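got a structure for you, letters missing:
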């Protein structure tokens with residue numbers, strides 16, 4: 001046990017100078033408590049037993065002996081074990097309460113997010129279809145097409161949100177990557193084609209070296225990043241995608257010229273349900289897309305980060321290259 005070993009070494013060094021026996025007991029018992037808090041019950045009990053043996057062998061007379069004829073030594077060993085058992089039970093109880101609180105907070109966040117991000121597109125779709133049903137014989141063809149286009153866009157938005165929400169649930173339970181060795185260039189091309197937007201500019205993305213990736217998952221991750229860039233930058237402004245290799249990694253950067261991400265939020269934006277939106281007001285997403293992206297990228301043994309930029313925002317995705325040979 002690392003913690004007990006460190007505590008024993010510190011106690012041994014201090015004992016040679018000035019540390020009294022009671023101080024040694026406190027240091028070793030603290031090691032037992034830390035082990036119980038960080039580990040499980042069997043580990044804590046073993047740490048208690050090991051601390052008791054360490055105390056008996058190094059710090060009681062006769063030293064460097066496991067002789068335990070002295071009643072005090074036996075009592076000390078029992079105290080180590082009792083502290084280990086009680087602390088492990090308390091730590092387990094605390095962890096269970098913490099997990100229950102996190103689940104409750106997650107449920108609350110899901111309800112708040114769903115109440116906004118499902119209700120808005122659904123209301124639009126229902127309103128559009130109701131209008132078309134009521135005025136279907138009086139609406140000009142052009143207006144009908146515009147209404148249908150709006151309803152279709154909201155349907156796609158709803159589908160993306162549900163897909164991300166389901167993926168976030170899977171990521172919470174651990175995701176199994178089922179991929180293939182391939183180039184990232186066709187994946188980026190496929191994602192860009194899905195947007196069919198003139199705003200997206202792809203530069204230097206002919207990376208020939210290959211990565212191990214799940215095409216579907218990586219497309220979803222890139223889609224979320226590019227979608228955010230398009231949504232949170234001025235209409236008509238470009239979103240630029242660049243690819244490069246650096247050592248054993250392939251790097252994908254997505255640039256936009258929007259308001260950027262506040263420095264204090266550059267890590268929080270990847271947290272589940274984090275949003276700058278206050279209730280139903282203000283600008284801000286559902287707080288699911290970038291969380292899903294981060295989980296997918298990390299499942300690929302990569303990383304995602306927000307880079308500092310003078311104007312707009314740069315999201316960098318780093319993925320390991322498949323080793324040759």
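Nice, thanks for sending it over. Keep in mind that what you see is a predicted model, and the values were worked out from it rather than measured.

so where's the stretch 201-325 of the chain uncertain?
With pLDDT under 70 as the threshold, the stretch 201-325 of the chain has low-confidence stretches at 272-287, 323-325.

any chance you could map the helices in it?
Defined through DSSP state H, counting those that start in this stretch, the helices belonging to the stretch 201-325 of the chain, from first to last, are 215-231, 289-299.

deepest of those, which one?
The highest mean neighbour count among the helices of the stretch 201-325 of the chain belongs to helix 289-299 (a mean of 22), with neighbours defined as mean count of other CB atoms under 10 Å. To be clear about C-beta, it is placed using only N, CA and C from the backbone, and glycine gets the same treatment.

what pLDDT is listed against residue 68?
The per-residue pLDDT reported for residue 68 equals 61.

distance of the closest residue in space to residue 313 that isn't next to it in sequence relative to residue 28?
Of all residues not flanking residue 313 in the chain, residue 260 sits nearest, at 4.7 Å (CB to CB, 6 or more residues apart in numbering). Residue 260 sits 52 Å away from residue 28, going by CB to CB, to the nearest Å.

equivalent analysis for residue 304, please.
From residue 304 over to residue 28 the distance is 43 Å, taken as CB to CB.

which of the two has more residues huddled nearby?
residue 28 (27 against 21; other CB atoms under 10 Å).

name the SS class of that one, please.
Using DSSP: H, G, I helix; E, B strand; the rest coil as the criterion, the local structure at residue 28 reads helix.

and the closest residue to it other than its chain neighbours, what element?
For residue 28, ignoring the flanking residues on the chain, the nearest one in space by CB to CB, 6+ apart is residue 51 at 4.2 Å. Assigned by DSSP states H and E, residue 51 belongs to helix 41-59.

chain center to that helix, what's the gap?
Centroid separation for helix 41-59 versus its chain: 36 Å, with CA atoms, centre = their mean, to the nearest Å.

buried set for that helix?
With burial defined by 16 or more other CB atoms under 10 Å, the residues of helix 41-59 counted as buried are 43-56, 58-59.

which other helices and strands contact that helix?
Applying 3 or more CB pairs under 8 Å, 6 or more residues apart in numbering; DSSP states H and E, one finds that helix 41-59 makes contact with helix 2-15, helix 21-38, helix 71-117.

and it, what's its mean pLDDT?
Confidence for helix 41-59, expressed as mean pLDDT, is 71.

roughly how far apart are residue 160 and residue 231?
As defined by CB to CB, residue 160 lies at a distance of 11 Å from residue 231.

for residue 215, same thing?
As judged by CB to CB, residue 215 and residue 231 stand 24 Å apart.

would you agree residue 205 is in contact with residue 245?
No. Applying CB atoms under 8 Å, one finds residue 205 not in contact with residue 245, separated by 11.4 Å.

when these two are compared, which one has more neighbours?
When neighbours are counted by other CB under 10 Å, residue 205 comes out ahead of the other of residue 205 and residue 245, with 18 against 13.

how about the contacts made by the more buried one?
The contact partners of residue 205, taken as CB atoms under 8 Å, 6 or more residues apart in numbering, are 184, 185, 188, 189, 241, 242, 243.

looking at the residues you listed, which has the most residues close by?
Counting neighbours by other CB under 10 Å, residue 184 leads these with 23 neighbours.

tell me the pLDDT at it?
91.

so what's the backbone phi/psi at it?
Note on residue 184: its backbone torsions stand at phi -80, psi -20 [degrees, to the nearest 10].

ok, it - contacts?
Residues touching residue 184, when contacts are defined by CB under 8 Å, 6+ apart, comprise 205, 207, 211, 213, 218, 243, 250, 252, 319.

and the second one, how many neighbours?
Neighbour count of residue 207, defined by other CB under 10 Å: 18.

next up, the contacts around it.
If you count contacts by CB under 8 Å, 6+ apart, residue 207 has them with 183, 184, 185, 243, 244, 245, 250.

just put those residues in CSV and tack on distance to residue 164.
Written out in CSV, the entries for these read as follows (distance: CB to CB, whole Å):
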residue, distance to residue 164
183, 25
184, 21
185, 24
243, 24
244, 28
245, 29
250, 24
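
and those, which two are furthest apart?
When the contacts of residue 207 are compared pair by pair using CB to CB, the farthest-apart members prove to be 183 and 244, with a separation of 13.4 Å.

now residue 179: closest residue in space that isn't a chain neighbour?
Counting by CB to CB, 6+ apart, the residue nearest residue 179 is residue 214, at 4.0 Å.
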